[in-house]
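> I'll drop the sequence and a predicted model, then ask my questions.
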Amino acid sequence: QVQLVESGGGLVQPGGSMRLSCAASGFGFRNYDMSWYRQAPGMERELVASISSGRGYNTNYADSVKGRFTISRDNAKTTVYLQMNNLKSEDTAVYYCKRESWKGIVGYWGQGTRVTVSL
């Protein structure tokens, strides 16, 4: 069955860095665009970053994270990463990995990992 398991969340101070990982299994990983979303308390879930299928040549970022976050993928390890630098308190949220839909196959969400940016 499809599984997306996020890891790497926790508590970090403002200005710090953190790398999230999403280990995928149960599907042809390289065929799918992959994304990171986040949801802060009381807010709607929002797209943070996405990476295209295959070698991941195309990436997109929310304006709020451009220049600070980097999404990448390792198809051999079937893992997608989110490197987060210069973290701010407003980056505090639960971060979700998502396999985007493809050829009529619906998207799939991971369970989320909490990131807290605070002193």
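That came through fine. Residues are numbered from 1 along each chain as shown.
> tally of neighbours for the nearest residue to residue 108 once chain neighbours are set aside?
When the adjacent residues along the chain are set aside, residue 108 lies closest to residue 99, with 4.4 Å between them (Cβ to Cβ, 6 or more residues apart in numbering). Every residue, glycine included, has its C-beta placed from N, CA and C. Counted with other Cβ atoms under 10 Å, the burial measure for residue 99 works out to 24 neighbours.
> Which parts of this protein are strands?
Taking DSSP state E as the test, the strands found in the chain are 3-7, 10-12, 18-25, 34-39, 46-51, 59-61, 69-74, 79-84, 93-99, 108-109, 113-117.
> would a markdown table of the ones you listed with mean pLDDT be doable?
A markdown table is the format used below for these (pLDDT from 0 to 100):
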| stretch | mean pLDDT |
| --- | --- |
| strand 3-7 | 97 |
| strand 10-12 | 98 |
| strand 18-25 | 98 |
| strand 34-39 | 98 |
| strand 46-51 | 98 |
| strand 59-61 | 98 |
| strand 69-74 | 98 |
| strand 79-84 | 98 |
| strand 93-99 | 98 |
| strand 108-109 | 98 |
| strand 113-117 | 98 |
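> Not including adjacent chain positions, what is the nearest residue to residue 29?
Here the nearest residue to residue 29 in space, its sequence neighbours aside, is residue 78; by Cβ to Cβ, 6+ apart that works out to 4.1 Å.
> unless I'm mixing things up, the one you found is touching residue 26, no?
No - under the criterion of Cβ atoms under 8 Å, residue 78 makes no contact with residue 26, lying 9.4 Å away.
> The two: who's more crowded?
In this view residue 78 and residue 26 are compared by other Cβ under 10 Å, and residue 78 has more residues nearby, 18 against 12.
> What residues does the residue nearest the centre of the chain make contact with?
The residue lying closest to the centre of the chain (Cα atoms, centre = their mean) is residue 36, at 2.7 Å. Residue 36 makes contacts with 20, 22, 47-50, 71, 80, 82, 95-98, as judged by Cβ atoms under 8 Å, 6 or more residues apart in numbering.
> And residue 97, by the same measure?
By Cβ under 8 Å, 6+ apart, the contact list for residue 97 reads 4, 6, 20, 22, 24, 34, 35, 36, 80, 109, 110.
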